[in-house]
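Trainee: Any chance you could fold what I've pasted below:
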Amino acid sequence: MGADIKKLRSRIKSVDSTLHLTKAMGLVASSKIRRATDAMNKSRQYARSVTDAIDMLTACSECAKSPYMKQSDGDKICLIVVAGDRGLAGGYNANIFRLVREYDASVVFGVGKRACDRFGGKLTLAETFSYDDAISLSKELCSRFAGGEFDKVGIVCTKYVSMMSQEAQIKWLLPLVKNENVPNQSVVFEPDEMTILNTAIFEYVAATLVAAVRESFASEVAARRFAMDSAGKNAQQMLDDLHLSYNRARQGAITQEITEIVAGSDA
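Mentor: The predicted structure is shown next:
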């Protein structure tokens, strides 16, 4: 009985320590959510504006000759994989890596510590991913695509649906595809449409990268807060059950001692 009480006391101490940890991580995630969602919304707006401009350009027949609109039947795929900087975020990282396995990518660039650890390359954190990082990666991707090294370039990231729901997805960046829904507009491009497109492509890819990383980071923070809330509730329930078992064991031990004392005095 004494051994059981000692084991329960040790277990209570361990679960209590875990409970404090999950609460602390949940508070940290909560403090980052507003800033992360604000950054996500701003990057979404900018990426949407750049995409609208690219859609107007790709709708022009002259731009069909651009190397960035060249369609290929090849299977050389390049992926930019955006994962988390840390774990303990539920299925956030696992969902990303599961989606990556569906594509036989020949080259993978990682953003986020977990992605960089898995696929190698320069360590780039999702939380501190900057526009300079994006434009540098954009120029490399566009240059190698135009040179024929890749047939398709995509980014595997996470879509922020709500605080309780995030979805892994893939966005194809290159080659550009003509948007048939763009209305006819009397826009004059100088010096010409294809020159503008071949120049603006770097900004388009960089803006899309920044928006995807910002949205993925907001998803990671939300997923971690939800996971820590769930873990905290489970730890509290486990702690309550352990306290109940401990009290019962302690009461049983006391009852046994009293019984032995009474039996000894009768003898």
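
Trainee: Excluding covalently adjacent residues, which one is nearest to residue 197?
Mentor: Closest residue to residue 197 apart from its sequence neighbours, by CB to CB, 6 or more residues apart in numbering: residue 57 at 4.4 Å. (Each C-beta comes from the backbone N, C-alpha and C, glycine too.)

Trainee: correction: residue 198
Mentor: Nearest one to residue 198, counting by CB to CB, 6+ apart, is residue 66 at 5.8 Å.

Trainee: Around the one you found, how many other residues sit close by?
Mentor: Using other CB atoms under 10 Å, residue 66 has 20 neighbouring residues.

Trainee: Show me the shaky parts of the stretch 1-150 of the chain.
Mentor: Residue ranges of the stretch 1-150 of the chain with pLDDT under 70: 1-3.

Trainee: Could you name the helices and strands sitting against whichever strand or helix holds residue 216?
Mentor: Using DSSP states H and E, residue 216 falls within helix 193-266. Packing contacts for helix 193-266, counted by 3 or more CB pairs under 8 Å, 6 or more residues apart in numbering; DSSP states H and E, involve helix 2-58, strand 77-82, helix 92-100, helix 131-146, strand 152-162, strand 165-174.

Trainee: at 10 Å instead, please
Mentor: Under the contact definition 3 or more CB pairs under 10 Å, 6 or more residues apart in numbering; DSSP states H and E, helix 193-266 sits against helix 2-58, strand 77-82, helix 92-100, strand 107-111, helix 131-146, strand 152-162, strand 165-174.

Trainee: May I have the second one exported as CSV, CA atoms only?
Mentor: What follows is strand 77-82 as a C-alpha-only set of coordinates in CSV (Å, rounded to 0.1, in the frame of the first residue of the first chain):
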residue,chain,number,x,y,z
ILE,A,77,8.7,19.2,-59.6
CYS,A,78,10.1,21.8,-57.2
LEU,A,79,8.3,22.3,-53.9
ILE,A,80,8.7,24.9,-51.2
VAL,A,81,7.5,23.2,-48.0
VAL,A,82,6.4,25.5,-45.1
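
Trainee: angle of that strand against helix 92-100?
Mentor: 170 degrees (axes from the mean of the first three to the mean of the last three CA atoms, to 10 degrees).

Trainee: Near residue 151, how many other residues are there?
Mentor: Quick note: residue 151 (other CB under 10 Å) scores 18 neighbours.

Trainee: circling back to that earlier point, residue 159 versus the residue nearest to residue 198, what's the distance?
Mentor: 28 Å (CB to CB, to the nearest Å).

Trainee: And for the nearest residue to residue 231 once chain neighbours are set aside, the neighbour number?
Mentor: Leaving out its chain neighbours, the residue that sits closest to residue 231 by CB to CB, 6+ apart is residue 22, at 4.5 Å. Using other CB under 10 Å, residue 22 is surrounded by 20 other residues.

Trainee: dump the residue contacts of residue 22.
Mentor: With contacts defined as CB atoms under 10 Å, 6 or more residues apart in numbering, residue 22 is in contact with 88, 227, 228, 229, 230, 231, 232, 233, 234, 235, 236.

Trainee: same check, this time on residue 20
Mentor: 232, 235.

Trainee: Figure out which of the helices and strands packed on helix 193-266 is closest to residue 221.
Mentor: helix 2-58 (4.9 Å; CB to CB).

Trainee: From what I see, residue 193 and residue 53 are in contact.
Mentor: No - applying CB atoms under 10 Å, one finds residue 193 not in contact with residue 53, separated by 11.3 Å.
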